[in-house]
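Chemist: fold the stuff below for me.
(chains A and B)
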Protein chains: 2
Amino acid sequence: MQRKFYLEDIPLDEAWAAFRAALDEAGLWRPMEAETVPLSEANGRVTAAAVWARFSSPHYHSSAMDGYAVRAEDTVGATEGAPLTFALSDTMSTGVGISELVTHHSSLVTRRAQAVNTGHPLPAWANAVIMVENVQPVTLPDGRDGIEIRAAVPPWHHVRSMGEDMVATELVLPANHRLRPVDLGALAGSGHASVSVYRRPRVAVIPTGSELVAVEDGEPMPGQIIEYNSLVLAAQVDSWGGVAFRLPIVPDDFEAIRDAVSRATADYDLILLNAGSSAGSEDYTAHVVEALGTLLVHGVAVRPGHPVVLGITNEEGASPLATPIIGVPGYPVSAALTGEIFVEPLLARWQGQQPHQPATVQGTLTRKIVSHTGDEDYVRVVVGRVGANHTVTPISRGAGVITSLVRADGIVRVPRFSEGEDAGATVTVHLYREPDELEHSIVVIGSHDLTLDLMAQFLAARHEGLRLTSANVGSLGGMVALRRGEAHLAGSHLLDTETGEYNLSYIHRYLPGQEIMLVTLAGREQGWMVPPGNPKGLRDWADAARPDVRVVNRQRGAGTRVLLDYELGKLGIDPTDVLGYDHEEYTHLAVAAAVMSGAADAGLGIRAAARALKLDFVPLANEAYELVIPRVHYESDLLRPLLELLRDDEFQAAVAAMPGYDVRGMGDARLIVT
Amino acid sequence: MQRKFYLEDIPLDEAWAAFRAALDEAGLWRPMEAETVPLSEANGRVTAAAVWARFSSPHYHSSAMDGYAVRAEDTVGATEGAPLTFALSDTMSTGVGISELVTHHSSLVTRRAQAVNTGHPLPAWANAVIMVENVQPVTLPDGRDGIEIRAAVPPWHHVRSMGEDMVATELVLPANHRLRPVDLGALAGSGHASVSVYRRPRVAVIPTGSELVAVEDGEPMPGQIIEYNSLVLAAQVDSWGGVAFRLPIVPDDFEAIRDAVSRATADYDLILLNAGSSAGSEDYTAHVVEALGTLLVHGVAVRPGHPVVLGITNEEGASPLATPIIGVPGYPVSAALTGEIFVEPLLARWQGQQPHQPATVQGTLTRKIVSHTGDEDYVRVVVGRVGANHTVTPISRGAGVITSLVRADGIVRVPRFSEGEDAGATVTVHLYREPDELEHSIVVIGSHDLTLDLMAQFLAARHEGLRLTSANVGSLGGMVALRRGEAHLAGSHLLDTETGEYNLSYIHRYLPGQEIMLVTLAGREQGWMVPPGNPKGLRDWADAARPDVRVVNRQRGAGTRVLLDYELGKLGIDPTDVLGYDHEEYTHLAVAAAVMSGAADAGLGIRAAARALKLDFVPLANEAYELVIPRVHYESDLLRPLLELLRDDEFQAAVAAMPGYDVRGMGDARLIVT
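Modeler: Numbering: from 1, shown residues only, chains lettered A, B, ... in the order given. Next comes the predicted model:
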């Protein structure tokens, strides 16, 4: 720890160039050495050298049909009216090393035929096969068995000639070819029982951090963090052709980490050190790399992922002489993206392959992306296929939110020095999914309800390949999304404060000139979610304004917030008099979590969310939660399974089992022409 | 063997419907039962049930930055001109279960701060974090350590609130979801150390056939066939989520096969019996299925693949009660396609997944496809990306030619009752490759030369991802392909019989109005390839017409055939006087193979092909083998590596090492404006 480190901001291509140059110098920027594996273990491996046919396939002339081997010359002249007769050889040609030759007789029946099955070798004297269906068994004048044919055949008819598939010495497969099942057949058929492939690189994943506990060690205490980056990185490595080894967690201690890395250099081709790659007081990765070799890069201008360390060891007398080290940031999204950006290309190179190029689609951005100008930005997005258009919605969550990667359909890359992209811009998405998966995704944007989770689960379980993707932007946000053609449907519970009706007036206002189906999902109870025992004794709406009550609120545009504002208005309460009114969360469960954690004393939400987190509940209102569906989608094949679900006893029972839900009328639909 | 079987011709969808109905009735048309696996073994597996968060992530409010935890309310009023001072708590908050609460003092410094690192829990009294970069360390009047801040922060600033990623009870992943690396992180973060996934189906592959020898048993004798379908089928099964077991080869004996299948039904979920699925005298599969259960389908109207058997066992007292059996045809292309058509969808269903949908491209057919009207035809094709267009060239090889699948870029499906497709038609190709691989393929159509194999090997070894695909259609065929824009370049050695020059006059005739680069590849020797010892004593061109010499010829349009015709013409020999003139092969090696097998006494070809198959060679002529390259391709990035290769010492040495090759002038180019 002689010197202090600061994070740099090196452009991605420069960082890669420095890493590659160092690997090159150490003789490590090339495929792994070769090893020979039996064909039965070779699927998915990559050929380390070109493979040439050892022998021909077929390695003899063979019959392509069940039938009779003949000399084509003998069949000339055969017609329906003038069939020709052939004498049968005694045995079927299944033997080995047949070399008999016939001399040309001129007796009555010099023509000779021999029964052959598909794959049998052709007798040496024959050069064609007649199918069994096209001959007639006869007895010859001399009493021998024979056949009669009624059409001539050309030479080599129904014969698989030697080398038809592969001729000995021919190129079967080039080097750097990833072996597929059929390739194994070609290798075997041309005389190979094994194949030379690149060795799989061995990759050590070393988690560091005194606060980490292993996944297997059960429930963590506050301040402890479940270590799962090593699971993600190891699975990535395995997917990319390496063999990953998760080493034990090392506490935040320079010597301990240095020793763990130093030991690992002897056994592994690459070391992923996670985390400690930033520049804080307990970030030792850069120091460790410096102690064991050369620190090449500390900080790359990519977000998420910025504090990446790239280095290479060159310890005195070590074997191998040099081992690359990648210091992977600790935030899970940063860690996974660092895998994609730095680990995958290196493993591809080590396997003689180009990195996998994800499929891309063009789509329309539904929300502005604001980008950090100094960095290349990897923005996680959800892609919806609604009508002919692909809509691209950024997931604006932090680098600590692994579910943002789980939910992402792909990545939009915003280059350095760009300030971002405006809503409506056409952007390119690098997909995490097959493009056709997007065709089977029902896009729900709008209010959040626990029923949507249940719906996603039922649809996935009953209809393989069908996905329900939901974005929780509140009821009003759902109306806007429908207007822009960004969603197939929206969940909504917007109270019209004039009429006391739900949703209707909003549909007329936000979706003019359309045919909309308004479908009942469920009735549900809204009320105060409070800590167990209701310590502050909340009873009614007016409690929101008590000076000793800190609430947590829903975001602007949420139906629940509209309800709160409506009730506060009726009581003449000014929102600025409500403590915590500006503390916003995006889902019922997030509000419940804020109450449970003590960050707030109460939050308005549904009974099921309170029950889920074992909070108490003070009921205040019943409301209608409905699905707003443009008629064109309502009648589409895509949505049929979802609409069927609303009439399904098992699904209705599952919803009714959630506290505070009323499933009467579920699936009832009204057509609204606006 | 009570009854005789005949092959049926059942449409694919009907065959599948019968199979599915029988599976359904036996309770087998549903995902496998669940098993619990640790997360470290779960990558690629499929969730058998929805997974809900066991606890929230983060499970406590934590700092999102290295800095100081404060109460946001205490920071109100801090500005550059009027900084506020905070007293530091003694210890960094790394502990567990902090629950201290402060009362509100009014002394000089009641404001309190505590150092926190990223990920540390927020003290219970704090609700915001100030970054370490934005504070100034100070000493307070009473001697305590403190910090000074110059800007207010809002509540929850730089705080990851409890449940930001996942709230306990929330849906983490639905059922039927194939787990990816990041999913493992989300599962671990929400409190799961293991996950319930569908069991992998166990699939037995049973090869049958007395003529079969195992891959491991070395060189086969004539009449013996190397058994490799089981390798291909097993690798397919493993790729599709099953676990394959290759059982020993069973000879063609009804009882032996029946007993092997009957034994396997106890241990495996699916049995692939290969081959014996046709209706020949040694085809026992249908009989065996009938003996052990129900024969559902025998013969499907799909080519290649026609003689498929579908059945299900229902043996008295067996456990399980029923096991599906697929009788897979013996020809390797039929076997691999049967895997794709019947095995993949079943394994997908058993894993709760839709079968993988291959990517498709539209392209222009370069040759007519003639289809068997009764069957759905799976035509293997090569796809070239030349300019803006995708060209689609059928590979017209038999079901026994596994290399046709190895070389295929995809499949064109011609429906039943269609007679095929005309050249120039737009067809849809179901790709075996990623679409972007097609962008990195150099398409060579024309004359065959062994140098092209070497070139393919060198390019693949030096440029990962770059492929050279060659179609051997003869020199004239290459000119035609260039004219149609189907190839990037053509190999050609067409002798102009008027001028004695190579290629020039043909380029003017076939490629008018273009800029063409004519590039020297190599000079080579043409001559008679004859069996070792030259038993018929061939010496010159005139020997072609000897009545005791059977030749094998090249196809129409091949430069070698043009040469033969030219020399025969000079000698006044009529081709009809040449025995075997109509026996055509498409490559030098195929001609050599015909001579080696005894099918012919001699064939015209290059010295290297004769040497490769250990034949003798009677030299007759030297010729120029050149590359014909439209200038637009010559100057493209795609072809640069190929042109560089022609100047490469190692490549030149490899070509020169082949017998009969002269590499002087390799890479020299002339521009020809036609």
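Chemist: tell me what the helix or strand where A:T393 lies is packed against?
Modeler: Element membership of A:T393 [criterion: DSSP states H and E] is strand A:389-394. For strand A:389-394, the elements it packs on are strand A:360-365, strand A:376-386, strand A:426-431, judged by 3 or more Cβ pairs under 8 Å, 6 or more residues apart in numbering or on different chains; DSSP states H and E. C-betas here are computed from N, CA, C, even on glycine.
Chemist: give me that answer again for 6 Å
Modeler: strand A:360-365, strand A:376-386 (3 or more Cβ pairs under 6 Å, 6 or more residues apart in numbering or on different chains; DSSP states H and E).
Chemist: give me the contact status of stretch A:283-303 with chain B.
Modeler: No. Stretch A:283-303 is not in contact with chain B by Cβ under 6 Å from any Cβ of the partner chain; minimum separation 9.0 Å.
Chemist: so what touches the strand holding A:T393?
Modeler: By Cβ atoms under 6 Å, 6 or more residues apart in numbering or on different chains, the residues outside strand A:389-394 that reach it are A:361, A:363-367, A:369, A:379, A:381-384, A:427, A:429, A:486.
Chemist: and chain B, which of these contact it?
Modeler: Okay, of the contacts of strand A:389-394, nothing touches chain B (Cβ under 6 Å from any Cβ).
Chemist: going by distance to chain B, which of the residues you listed wins?
Modeler: Relative to chain B, the closest of the contacts of strand A:389-394 is A:V361; by Cβ to the nearest Cβ it sits at 12.4 Å.
Chemist: looking at the helix or strand A:G185 falls within now, give me its mean pLDDT.
Modeler: Per DSSP H and E, A:G185 falls inside helix A:181-189. Average pLDDT, helix A:181-189: 97.
Chemist: and if you look at stretch A:550-562?
Modeler: For stretch A:550-562, mean pLDDT is 92.
Chemist: again, but for stretch A:210-227
Modeler: Averaged across stretch A:210-227, the pLDDT comes to 88.
Chemist: hang on, the earlier thing: ok, the helix holding A:G185 near chain B or not?
Modeler: Yes. Judged by Cβ under 6 Å from any Cβ, helix A:181-189 comes into contact with chain B at A:P181, A:V182, A:D183, A:L184, A:G185, A:A186, A:A188, A:G189.
Chemist: next one: that helix to chain centre, how far?
Modeler: Relative to its parent chain, helix A:181-189 has a centroid offset of 29 Å by Cα atoms, centre = their mean, to the nearest Å.
Chemist: after it comes which helix or strand?
Modeler: strand A:194-198.
Chemist: run through who's touching that following strand.
Modeler: Under Cβ under 6 Å, 6+ apart, the answer for strand A:194-198 is A:31-32, A:34, A:36-38, A:42, A:45-46, A:48-49, A:187, A:351-352.
Chemist: again, but for stretch A:64-71
Modeler: With Cβ under 6 Å, 6+ apart, stretch A:64-71 has contacts from A:113-118, A:122-123, A:126-132, A:135, A:147, A:158, A:160, B:280.
Chemist: please check those residues and keep the buried ones.
Modeler: A:113-118, A:122-123, A:126-130, A:132, A:135, A:147, A:158, A:160, B:280 (16 or more other Cβ atoms under 10 Å in any protein chain shown).
Chemist: which of the residues you listed fall within strands?
Modeler: A:A113, A:Q114, A:A115, A:V116, A:A128, A:V129, A:I130, A:V135, A:I147, A:R160 (DSSP state E).
Chemist: roughly how far does the closest residue to the second one other than its chain neighbours sit from chain B?
Modeler: Setting aside the residues directly before and after it, A:Q114 is nearest to A:S89 in space (Cβ to Cβ, 6 or more residues apart in numbering or on different chains), at 4.1 Å. The span separating A:S89 from chain B equals 15 Å under the rule Cβ to the nearest Cβ, to the nearest Å.
Chemist: look at A:S89 and report its pLDDT.
Modeler: 84.
Chemist: count the neighbours of it for me.
Modeler: Close neighbours of A:S89, defined as other Cβ atoms under 10 Å in any protein chain shown, add up to 20.
Chemist: who are the contact partners of the residue in the stretch 251-400 of chain A that chain B sits nearest to?
Modeler: Relative to chain B, the nearest point of the stretch 251-400 of chain A is A:Q354 (3.6 Å; Cβ to the nearest Cβ). By Cβ under 6 Å, 6+ apart, the residues touching A:Q354 are B:E464, B:G465.
Chemist: ok, A:M65 to A:A78 distance?
Modeler: Going from A:M65 to A:A78 by Cβ to Cβ, to the nearest Å gives 18 Å.
Chemist: what do you get for A:L454?
Modeler: To A:A78, A:L454 is 74 Å away according to Cβ to Cβ.
Chemist: and if you look at A:A175?
Modeler: A:A175 is 52 Å from A:A78, by Cβ to Cβ.
Chemist: so between these two, which is more surrounded?
Modeler: A:A175 (23 against 20).
Chemist: confidence score at A:D453?
Modeler: With respect to pLDDT, A:D453 has a value of 89.
Chemist: my guess is it contacts B:L171, does it?
Modeler: Yes. Between A:D453 and B:L171 a contact is recorded at 3.9 Å, counting by Cβ atoms under 6 Å.
Chemist: which residues touch stretch A:565-573?
Modeler: A:L495, A:T497, A:W541, A:A542, A:A545.
Chemist: meant to ask about stretch A:468-476, not that
Modeler: Contacts for stretch A:468-476 (Cβ under 6 Å, 6+ apart): A:382, A:441-448, A:452, A:455-456, A:459, A:492-494, A:555, A:557-559, A:586-587.
Chemist: that one spans what distance, first to last residue?
Modeler: 20 Å (Cα to Cα, to the nearest Å).
Chemist: from the chain's centroid, how far away is it?
Modeler: Averaging C-alpha positions (Cα atoms, centre = their mean) puts stretch A:468-476 22 Å from its chain's average.
Chemist: list the buried ones in that stretch?
Modeler: Those would be A:L468, A:T469, A:S470, A:A471, A:N472, A:V473, A:G474, A:S475, A:L476, for stretch A:468-476 by 16+ other Cβ under 10 Å.
Chemist: check what pLDDT the fifth one gets.
Modeler: Reported pLDDT at A:N472 in the predicted model: 81.
Chemist: give the closest residue to it in space, chain neighbours not counted.
Modeler: Nearest non-adjacent residue to A:N472 (Cβ to Cβ, 6+ apart): A:H448, at 3.9 Å.
Chemist: equivalent analysis for A:R178, please.
Modeler: In space, A:R178 is closest to A:V46, 5.1 Å off (Cβ to Cβ, 6+ apart).
Chemist: quick one: the one you found and A:A175 touch, right?
Modeler: No. Applying Cβ under 6 Å, one finds A:V46 not in contact with A:A175, separated by 8.4 Å.
Chemist: give me every residue in the stretch 351-500 of chain A lying close to chain B.
Modeler: A:352-354, A:357, A:400-403, A:405-406, A:436, A:453, A:456-457, A:460-461, A:464-465.
Chemist: which of those residues are buried? Put it as a ChimeraX command.
Modeler: Selection of buried members from those for ChimeraX, criterion 16+ other Cβ under 10 Å:
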select /A:352,353,354,400,401,402,403,405,406,436,453,456,457,460,461,464,465
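Chemist: thanks a lot, catch you later.
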